[in-house]
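Visitor: model this:
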Amino acid sequence: MLNMKDIAITFNEGTLDEKKALQQTNLHLEQGDFVTVIGSNGAGKSTLMNLISGSLKPDVGTIEINRKNVTMMPEYKRSRMIGRVFQDPMAGTAPSMTIQENLAMAYARNKTRTLKIGVNKKRKQLFKEHLETLHLGLENRLTAKVGLLSGGERQALSLLMATFTEPNILLLDEHTAALDPSRAELITKLTGKVVKQFGLTTLMVTHNMQQALDLGNRLIMMDKGQIILEVSGEEKQALTIEKLLQEFQRIRGKQMESDRAVLG
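Guide: Got it, this is the predicted structure:
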């Protein structure tokens, strides 16, 4: 479904602020994979997401989605294949528009584009059926402005908008980080439910290690623009936060020894 081969990108190349954001990165996702991504700030997680979405282009390497080379495809064209939920509940929706108008825009994402946002009787019923799965009562508020919703309600709506057209790939960019603990737990449960319901191929960035362990069938850890650890299946299920931290320290120690050896 997703294949990233030998991807590298450097920001501010040739300046004092040069940063190798990703270095020779390879990542392959099969249909239905749910991969959680962890790593410290600056590890390359957001860069990885932006390369997949098309908001960044790699310096070298190729990106394929569903066996189609999309490396140089602009973001607006790639958006038909990708659903994305951002960290900010204010992103991903139009606050001045109603719930049903926002859903109509999302519904039209992989359809022929027109200037008209259609909310006919059939679509309204479809929207209600999907909103009911959230158990937030939003199916009874179709004409409410999205800007009036709480952060958790908006994020739940964003998740629904990103998934109900069943995109090839779903990108979740720390989508619970800005929520209070109770709402974050709600969105986490909804995420697992929606991904399973539609069998979506999903990549989720999170700083919450327990969330990364609880969700998905694969986990990758990034550091300094590289994927330094990848676990799946029973090995992932057996992991704990303590073991993850120990593994990070072990790998970081080996890297430091290697760097010292290179420097002589």
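Visitor: just the pLDDT for the residue lying closest to Ile227 once chain neighbours are set aside.
Guide: Sequence neighbours aside, Ile220 is the residue nearest to Ile227 in space, at 5.2 Å (criterion: C-beta to C-beta, 6 or more residues apart in numbering). C-beta: built from backbone N, CA, C; applies to glycine. With respect to pLDDT, Ile220 scores 96.
Visitor: cool, and Leu115?
Guide: Listed pLDDT for Leu115 reads 43.
Visitor: cool, Lys224 as well?
Guide: pLDDT, Lys224: 90.
Visitor: for it, give me its contacts.
Guide: By C-beta atoms under 8 Å, 6 or more residues apart in numbering, Lys224 lies in contact with 20, 23, 42-44, 255.
Visitor: can you map out the strands along the protein?
Guide: Using DSSP state E, the strands of the chain run over residues 2-11, 19-29, 34-39, 60-65, 68-69, 82-85, 169-173, 201-205, 218-223, 226-232.
Visitor: looking at these, spot the one closest to Lys145.
Guide: The closest of those to Lys145 is strand 82-85. By C-beta to C-beta, the value is 19.9 Å.
Visitor: now the closest one, how far from the centre of its chain.
Guide: 6 Å (C-alpha atoms, centre = their mean, to the nearest Å).
Visitor: what packs against that strand?
Guide: helix 45-53, helix 151-163, strand 169-173 (3 or more C-beta pairs under 8 Å, 6 or more residues apart in numbering; DSSP states H and E).
Visitor: among the strands of the chain, which is nearest Leu148?
Guide: Across the strands of the chain, closest to Leu148 is strand 82-85 (C-beta to C-beta), at 19.7 Å.
Visitor: which residues does stretch 195-208 contact?
Guide: 1-2, 29-38, 45-46, 48-49, 52, 83, 133, 163-164, 166-177, 184, 191, 194, 212, 215-216.
Visitor: can you tell me which of these are buried?
Guide: Among the contacts of stretch 195-208, those buried by neighbour count (16 or more other C-beta atoms under 10 Å) are 1-2, 29, 33-38, 45-46, 48-49, 52, 83, 163-164, 167-176, 184, 191, 194, 212, 215-216.
Visitor: enumerate every residue touching Ala94.
Guide: Ala94 makes contacts with 101-102, 105, 146, as judged by C-beta under 8 Å, 6+ apart.
Visitor: switch to 10 Å and redo it
Guide: 101-102, 105, 145-147 (C-beta atoms under 10 Å, 6 or more residues apart in numbering).
Visitor: pick out the lowest-pLDDT one from those residues.
Guide: Among those, Met105 has the weakest pLDDT, 86.
Visitor: residue ranges with poor pLDDT in the stretch 51-200 of the chain?
Guide: 110-118 (pLDDT under 70).
Visitor: list the contacts for Gln24?
Guide: 5-8, 60-61, 225-227.
Visitor: who wins for most neighbours among the residues you listed?
Guide: Ile7 (25 neighbours; other C-beta atoms under 10 Å).
Visitor: run through the bridge partners of that one.
Guide: Beta-bridge partners recorded for Ile7 (DSSP bridges): Thr25.
Visitor: does it touch Gln23 like I think?
Guide: Yes: in terms of C-beta atoms under 10 Å, Ile7 counts as a neighbour of Gln23; the distance is 8.7 Å.
Visitor: please enumerate the shared neighbours of the two.
Guide: Going by C-beta under 10 Å, 6+ apart, residues that sit against Ile7 and also against Gln23 are 44, 225.
Visitor: chain center to the helix of greatest length in the chain, what's the gap?
Guide: The single longest helix within the chain, with elements called by DSSP state H, is helix 241-263. Taking C-alpha atoms, centre = their mean, the mean C-alpha location of helix 241-263 is offset from the chain mean by 27 Å.
Visitor: could you dump it to PDB, C-alpha only?
Guide: Listed next in PDB are the C-alpha coordinates belonging to helix 241-263 (Å, rounded to 0.1, in the frame of the first residue of the first chain):
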ATOM      1  CA  ILE A 241       7.200   1.500  28.300                       C
ATOM      2  CA  GLU A 242      10.100   0.500  30.500                       C
ATOM      3  CA  LYS A 243      11.400  -1.900  27.800                       C
ATOM      4  CA  LEU A 244      10.900   0.700  25.100                       C
ATOM      5  CA  LEU A 245      13.000   3.200  27.000                       C
ATOM      6  CA  GLN A 246      15.700   0.600  27.700                       C
ATOM      7  CA  GLU A 247      15.800  -0.300  24.000                       C
ATOM      8  CA  PHE A 248      16.100   3.400  23.100                       C
ATOM      9  CA  GLN A 249      19.000   3.900  25.500                       C
ATOM     10  CA  ARG A 250      20.700   0.700  24.200                       C
ATOM     11  CA  ILE A 251      20.500   1.900  20.500                       C
ATOM     12  CA  ARG A 252      21.500   5.500  21.400                       C
ATOM     13  CA  GLY A 253      24.500   4.100  23.200                       C
ATOM     14  CA  LYS A 254      25.600   2.000  20.200                       C
ATOM     15  CA  GLN A 255      25.200   5.100  17.900                       C
ATOM     16  CA  MET A 256      27.400   7.200  20.200                       C
ATOM     17  CA  GLU A 257      30.100   4.500  20.200                       C
ATOM     18  CA  SER A 258      29.900   4.400  16.500                       C
ATOM     19  CA  ASP A 259      30.200   8.200  16.200                       C
ATOM     20  CA  ARG A 260      33.200   8.200  18.500                       C
ATOM     21  CA  ALA A 261      34.900   5.500  16.400                       C
ATOM     22  CA  VAL A 262      34.400   7.500  13.200                       C
ATOM     23  CA  LEU A 263      35.800  10.600  14.800                       C
END
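Visitor: nice, that's everything, thank you.
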